[in-house]
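Asks: this is the structure alone, sequence omitted:
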C-alpha cells in the first residue's frame, strides 16, 4: 500500500505540476519550478493522504492518532489540496505567498515541537517514520523560503476591495481560530473538555492546533490583500465542512460528538460557503 501511495503521489504531483506550469507566464526558471513542485506535492499529498487518514489506516501516519484526530487531519489535507489547486491555477505573487505561509504555519511549529518534545512518539523501525521526516523537513524549509521570498509565476491582477461581510468573517476567524489554535498548541492539556479533546496526547492536540493557526493565517493575509479573499474562504469552507463530517462520523461508532467542534467548524464552513456563493461575481471574493 505504501509503494502504491508513493507511486500515486509522484504521478499526481507531476499532473498538478503540469497544470500549474501551463498557468505560469513566462515559463518559470529553476526557483519557480521548485515552487511549483513544492506546492504540487502539497496539493497531491493533501488529497491522497486525506483518503488514508480518513480511513484511519495505521501505516499512513508517523504516530498513532485517535480516529477523530485522523479524520480531522484528513480534513486539513483536503483543505490544503483545494487551496493548492486554486492558488496554482492563478500563480501570481500573492497566491504563491499564501500557499507558502499556509504550509509554513502548519509544518514549522509542528516540526519544532516534535524535535524538542515528542520524538519518543515515533516508531523508528516503521517505514513511515523516515518517510515522514524525509517529506516534512524539505517541505518546511521550502515553505519558509517562499514565505520570505515569494515568487511571481504569473502577472498580478488588480481586484476590487472585498465587501464588509467577507472582511467581517475573516476578522472573526482571525480572532477565534488564532486564540483557539494558540491555546491548544501551547497548552495541549487544558482544562475545558469541550475544547481540549486529547489532554493526555499533547502531540495530537498540537497537530490540530496548527490547522487552526493556518485558518487564522489565511484570514490575516486575505484581509491584507483583496485578491486572496476567495482562496481564504475556500480554505475555510472545505476544512469546515470536512471537519463537521469528521466529528459527526463519531455517530457511526457510538462515540459522543464534540459539539463545540461541530458548531465552530461546521458553522465556519457554512458561513464561508454562503459568502462565496453570495459574492461569486466579485473577483475579490
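Replies: All right, it came through fine. This is a predicted model, so every value here is computed, not measured.

Asks: backbone phi and psi for residue 92, please?
Replies: Dihedral pair for residue 92: phi -80, psi 180, per degrees, to the nearest 10.

Asks: list the contacts of it.
Replies: Residue 92 sits next to 152-157, 227 when contact means C-beta atoms under 8 Å, 6 or more residues apart in numbering. No exception for glycine: its C-beta is placed from N, CA and C like everyone else's.

Asks: packing partners of whichever strand or helix holds residue 269?
Replies: Here residue 269, judged by DSSP states H and E, is contained in helix 259-278. Packing partners of helix 259-278 (3 or more C-beta pairs under 8 Å, 6 or more residues apart in numbering; DSSP states H and E): helix 164-186, helix 229-248.

Asks: out of those helices, deepest packed?
Replies: helix 229-248 (a mean of 24; mean count of other C-beta atoms under 10 Å).

Asks: returning to that earlier point: make JSON lines from the helices and strands packed on helix 259-278 and add distance to residue 74 and mean pLDDT to it.
Replies: Listed next are those as JSON lines, based on distance: least, C-beta to C-beta, whole Å; pLDDT from 0 to 100:
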{"stretch": "helix 164-186", "distance to residue 74": "18", "mean pLDDT": "96"}
{"stretch": "helix 229-248", "distance to residue 74": "7", "mean pLDDT": "97"}
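
Asks: nearest to residue 25, of those?
Replies: Among these, helix 229-248 comes nearest to residue 25, with 19.1 Å by C-beta to C-beta.

Asks: gap between the closest one and the chain center?
Replies: Mean-position distance between helix 229-248 and its chain equals 10 Å (C-alpha atoms, centre = their mean, to the nearest Å).

Asks: and what of stretch 24-40?
Replies: Averaging C-alpha positions (C-alpha atoms, centre = their mean) puts stretch 24-40 20 Å from its chain's average.
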